[in-house]
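A.B. asks: Compute the structure for the input listed below.
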Amino acid sequence: MNSASPDQYQRVERTFAFIDLSGFTSFIDTEGDRAALELLHGFKSVVRQIAAKKGVRIAKWLGDGAMLVGTEPERTIEVVIEIEEVIDMSESPLKLRAGIAKGPVLLVEGEDHIGEAVNLASRLCDVAEPHQVLAPAPMVSSTLFVNRSRSGACCPRPATRSAEERSMSTPFEEAVAGVLDELGSGEVVTYGEVAAEAGFPGAHRAVGRFLRDHSGHPWWRVVTSNGRLVPGLEAEQARRLGDEGVAVRDGRVRPA
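C.D. replies: This next block holds a predicted model:
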């Protein structure tokens, strides 16, 4: 058996996050394989989008979860928080749980990591409750966690958001607002198309919640995948769309 040479090992400082969808196995049992696979596909899509945007590497997929590796603690924490926010806003039936830790580790052959920080992050994820992010106290007391994390100012603690945090625009909200504000007169899109264009495919329900909670955007130009108008606002939406030359019949937008 050939042993690895010393130059294949390198001591580095890294931040690790283990995330997974709590209750996934039970979800398969109750909802079936198809629903579970669709949920998992949406989860992986969200993780890929956010991790790539923040420069955090997906080291490996772990069934219904993933191991993330970052060189900057703040970026790794931001990724976990944003993934949690998007999953919440999409009204996923399963909640995220996560464990985060940082420290010196051995980088083996350029891709594998060996060290206590890896083991600690994994253990924290295993004991986390649904909708909970756990990390060592020094990390949780950092400015980023205090100001942006739903994990509170000490660890462990259930996820909560203050009124001040809710008033802050998230990257998801900024991206959706940008897509909506670029829509022109007579242009109609679906909630799913807005989510995909914003970089969050599968988050169509979250787009609807955004429009419900934020004014100043052309909400009337967004419909469901089958053209249905907003329940309770059909008359107003039809009037606005009609003024822009869009045909509406029986509460739905019809092809031109």
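A.B. asks: Over to Ala17: give its phi and psi.
C.D. replies: phi -130, psi 130 (degrees, to the nearest 10).
A.B. asks: repeat for the one 10 residues further on
C.D. replies: Reported as degrees, to the nearest 10, the phi and psi values for Phe27 are phi -60, psi -40.
A.B. asks: and the nearest residue to Gly178 once chain neighbours are set aside, what pLDDT?
C.D. replies: Distances taken as CB to CB, 6 or more residues apart in numbering place Ala198 nearest to Gly178, at 7.2 Å, with adjacent residues excluded. The way it works is simple: take the backbone N, C-alpha and C, and place the C-beta from them, glycine included. At Ala198, the model reports a pLDDT of 91.
A.B. asks: residues in contact with Ala198?
C.D. replies: Under the criterion of CB atoms under 8 Å, 6 or more residues apart in numbering, the contact list for Ala198 reads 172, 175-176, 178-179, 207.
A.B. asks: redo that, cut-off 10 Å
C.D. replies: Contacts for Ala198 (CB atoms under 10 Å, 6 or more residues apart in numbering) come out as 49, 171-180, 206-207, 210.
A.B. asks: Which element, helix or strand, includes the residue most central in space within the chain?
C.D. replies: Centre of the chain computed as the mean C-alpha position; nearest residue by CA atoms, centre = their mean is Ile83, 2.6 Å away. In the assignment (DSSP states H and E), Ile83 maps to helix 73-89.
A.B. asks: Alpha carbons of that helix, as PDB, please.
C.D. replies: Output in PDB follows, covering the C-alpha atoms of helix 73-89 (Å, rounded to 0.1, in the frame of the first residue of the first chain):
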ATOM      1  CA  PRO A  73     -16.300  32.400   8.600                       C
ATOM      2  CA  GLU A  74     -18.600  35.300   7.800                       C
ATOM      3  CA  ARG A  75     -19.300  34.000   4.300                       C
ATOM      4  CA  THR A  76     -20.000  30.500   5.500                       C
ATOM      5  CA  ILE A  77     -22.400  31.800   8.200                       C
ATOM      6  CA  GLU A  78     -24.100  34.000   5.600                       C
ATOM      7  CA  VAL A  79     -24.700  31.000   3.300                       C
ATOM      8  CA  VAL A  80     -26.300  29.000   6.100                       C
ATOM      9  CA  ILE A  81     -28.500  31.900   7.200                       C
ATOM     10  CA  GLU A  82     -29.600  32.700   3.700                       C
ATOM     11  CA  ILE A  83     -30.400  29.000   2.800                       C
ATOM     12  CA  GLU A  84     -32.500  28.900   6.000                       C
ATOM     13  CA  GLU A  85     -34.400  32.100   5.000                       C
ATOM     14  CA  VAL A  86     -35.100  30.900   1.500                       C
ATOM     15  CA  ILE A  87     -36.300  27.500   2.700                       C
ATOM     16  CA  ASP A  88     -38.600  29.200   5.200                       C
ATOM     17  CA  MET A  89     -40.000  31.700   2.700                       C
END
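A.B. asks: Measure how whichever helix or strand comes after it sits relative to helix 73-89, angle-wise.
C.D. replies: Next along the chain after helix 73-89, taking DSSP H and E as the criterion, comes strand 96-108. For strand 96-108 against helix 73-89, the angle by axes from the mean of the first three to the mean of the last three CA atoms, to 10 degrees is 150 degrees.
A.B. asks: In strand 96-108, which residues are buried?
C.D. replies: 96-102, 105, 107 (16 or more other CB atoms under 10 Å).
A.B. asks: any idea how far Ile50 is from Asp112?
C.D. replies: 23 Å (CB to CB, to the nearest Å).
A.B. asks: That should have said Gly184, apologies.
C.D. replies: 50 Å.
A.B. asks: Grab the longest helix from the chain for me.
C.D. replies: Using DSSP state H, we find that the single longest helix of the chain is helix 33-54.
A.B. asks: Leaving out the residues flanking it, which one is nearest to Pro136?
C.D. replies: Using CB to CB, 6+ apart, the closest residue to Pro136 is Ala101 (5.9 Å).
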